[in-house]
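**Student:** Sequence and predicted structure, then a few things I'm wondering about:
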Amino acid sequence: EPEVTQTPSHQVTQMGQEVILRCVPISNHLYFYWYRQILGQKVEFLVSFYNNEISEKSEIFDDQFSVERPDGSNFTLKIRSTKLEDSAMYFCASSTRVMSTDTQYFGPGTRLTVL
Amino acid sequence: DAKTTQPNSMESNEEEPVHLPCNHSTISGTDYIHWYRQLPSQGPEYVIHGLTSNVNNRMASLAIAEDRKSSTLILHRATLRDAAVYYCILRDADSGGSNYKLTFGKGTLLTVNP
């Protein structure tokens, strides 16, 4: 069964450094998402992406964050200058379309630790 | 988005049925009811969704109250692998371009005893 993959599984970085989290969505999917989950808290929406544009973003997704689909398969989340509070699990998801009946498929996540 | 209310935790025994409730008293006529779950140390996973009628799939059944103000996710025979946090999420069919995100609550932590 096709699945969303994410790399790395765990990223440790120093505060102020840039990180890029990578995702390979399911191949025929057109909509891509990033969510994050701080330890012990809810899963929070960050951003959605379609047709090489951001479709929707949350208040969390400020100027320190950016997303890109650099080629036909990868979808990346960049954090320019990491803060301690960016430590979280980051989940990528994809879907075939945006409808209230559609399913989002999630990857296993990248654990980001900012020291 | 309309709000959902779920118990913080539930416990069941292996091979017994589990009924996970969700209240959504402010649901609108165009809201679909979705269930996702999150196994330990994994990303969320789709379970089932419905609008008005009860739904069955290979993972679970969804029973929707006639007034749609509540729903119940039914796992017919719980296994240890079903231990997870279960999320009840409403998605509005009428929200146009703002329908991209899933809004997760705290969900229900299901513990399955051997």
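**Tutor:** Yep, it's here.
**Student:** rest of the way, CA atoms for contacts and neighbours
**Tutor:** Fine.
**Student:** What are the boundaries of the strands in chain B?
**Tutor:** B:9-13, B:18-23, B:31-38, B:44-50, B:55-56, B:61-64, B:70-75, B:84-92, B:108-113 (DSSP state E).
**Student:** do you know which of those strands lies nearest residue A:13?
**Tutor:** Comparison of those against residue A:13 by Cα to Cα identifies strand B:44-50 as nearest, at 25.1 Å.
**Student:** and the gap between the most centrally placed residue in chain A and residue A:104?
**Tutor:** Centroid-nearest residue in chain A: residue A:34, 3.0 Å away (criterion: Cα atoms, centre = their mean). For residue A:34, the distance to residue A:104 equals 11 Å [Cα to Cα, to the nearest Å].
**Student:** what residues are up against residue A:70?
**Tutor:** Residue A:70 makes contacts with residue A:76, as judged by Cα atoms under 8 Å, 6 or more residues apart in numbering or on different chains.
**Student:** picking that back up, the strands of chain B into a markdown table, with extra columns for mean pLDDT, distance to residue B:100 and mean neighbour count?
**Tutor:** Shown next, in a markdown table, are the strands of chain B (pLDDT from 0 to 100; distance: least, Cα to Cα, whole Å; neighbours: other Cα atoms under 10 Å in any protein chain shown):
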| stretch | mean pLDDT | distance to residue B:100 | mean neighbour count |
| --- | --- | --- | --- |
| strand B:9-13 | 97 | 28 | 15 |
| strand B:18-23 | 98 | 22 | 20 |
| strand B:31-38 | 95 | 14 | 22 |
| strand B:44-50 | 96 | 15 | 22 |
| strand B:55-56 | 95 | 23 | 15 |
| strand B:61-64 | 98 | 23 | 22 |
| strand B:70-75 | 98 | 23 | 20 |
| strand B:84-92 | 93 | 9 | 25 |
| strand B:108-113 | 98 | 23 | 20 |
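**Student:** Next, format those as TSV and append distance to residue A:111.
**Tutor:** Shown next, in TSV, are these (distance: least, Cα to Cα, whole Å):
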stretch	distance to residue A:111
strand B:9-13	25
strand B:18-23	29
strand B:31-38	15
strand B:44-50	15
strand B:55-56	34
strand B:61-64	32
strand B:70-75	30
strand B:84-92	19
strand B:108-113	21
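**Student:** which stretches of chain A have low pLDDT?
**Tutor:** Confidence mapping of chain A against pLDDT under 70 gives the ranges A:100.
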